[in-house]
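Undergrad: here is my input, please return the structure:
(2 chains)
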Amino acid sequence: GAVVSQHPSWVICKSGTSVKIECRSLDFQATTMFWYRQFPKQSLMLMATSNEGSKATYEQGVEKDKFLINHASLTLSTLTVTSAHPEDSSFYICSAHSGSYNEQFFGPGTRLTVL
Amino acid sequence: RKEVEQDPGPFNVPEGATVAFNCTYSNSASQSFFWYRQDCRKEPKLLMSVYSSGNEDGRFTAQLNRASQYISLLIRDSKLSDSATYLCVVTALDSNYQLIWGAGTKLIIKP
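TA: Numbers count the residues shown, from 1 in each chain, chains lettered A, B, ... in the order given. Predicted structure coming up:
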């Protein structure tokens, strides 16, 4: 199967700082990437759908000015959590859709802790 | 009502036993169904797709019941390594790419 990397794996930051998370498809091109957030003991919640070269589509309740998504190439999408607050602490997971496999492949996730 | 519902468990099952759990979905027009497995603090991994005719992969069997709008997962001869959270996933109607997730069923296999 295809491989998706995500960096950093975990990050601890102070309240008010911004954190950038990278999602890369390593061996395939992904026109569509997805960003999810998962709180403990809860399901993955889709935050936004990211299409290469266009603006991301955000789910209801997700602030686009707080969670900035850039999908500048077919292998890279970034999520920036701006002015992070403790309630933003969560497990952030990206996935990339592969047309060749007609399947979504997930990154290993980024655990964000905001103090 | 949630779009995809699962019993959160945990299901505590002795090693070697057979265990099954269901997942219900609310939209009768949903097209594609999957079971994912997620280990603690890890990303979800595709376990198997669920086809209308049902499908089997080793010790795992998945079934789809469109009339009652549920899918099931059966695990035979359970192993300690089967301990995980099993997530039921349905594709959104307007996009085959967008996945709608259940909250997961936690399975604990005991020696």
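
Undergrad: tell me the secondary structure at the residue nearest to B:Gly16 when sequence neighbours are not counted.
TA: Closest residue to B:Gly16 apart from its sequence neighbours, by CB to CB, 6 or more residues apart in numbering or on different chains: B:Asp77 at 5.9 Å. Where C-beta positions appear, they are placed from N, C-alpha and C, glycine not excepted. Under DSSP: H, G, I helix; E, B strand; the rest coil, the three-state class of B:Asp77 is coil.

Undergrad: my read: B:Asp77 touches B:Arg59, true?
TA: Yes: B:Asp77 is within contact range of B:Arg59, at 5.4 Å (criterion: CB atoms under 8 Å).

Undergrad: tally of neighbours for residue 64?
TA: Looking at chain A here, since you left the chain open. 13 (other CB atoms under 10 Å in any protein chain shown).

Undergrad: that was the other one, I meant chain B.
TA: Neighbours of B:Leu64 using other CB under 10 Å come to 18.

Undergrad: same check on B:Gly9?
TA: Count around B:Gly9 with other CB under 10 Å applied: 16.

Undergrad: I figured it hits B:Thr105, correct?
TA: Yes: with contact defined as CB under 8 Å, B:Gly9 counts as touching B:Thr105 (4.8 Å).

Undergrad: what's in contact with the worst-scoring helix or strand of chain B on mean pLDDT?
TA: When each helix and strand of chain B is scored by mean pLDDT, DSSP states H and E, strand B:99-101 comes last, with a mean of 87. Strand B:99-101 is contacted from outside by A:34, A:43-46, A:104, B:3-4, B:25, B:30, B:34, B:87-92, using CB atoms under 8 Å, 6 or more residues apart in numbering or on different chains.

Undergrad: with adjacent residues omitted, what lies nearest to the residue with the largest distance to the centre of chain A?
TA: Relative to the centre of chain A, and counting by CA atoms, centre = their mean, the farthest-placed residue is A:Ser100 at 21.6 Å. Among residues not flanking A:Ser100 along the chain, A:Phe28 sits closest, at 6.3 Å (CB to CB, 6+ apart).

Undergrad: again with B:Lys110
TA: Spatial nearest neighbour of B:Lys110, excluding adjacent residues (CB to CB, 6+ apart): B:Pro14 at 5.5 Å.
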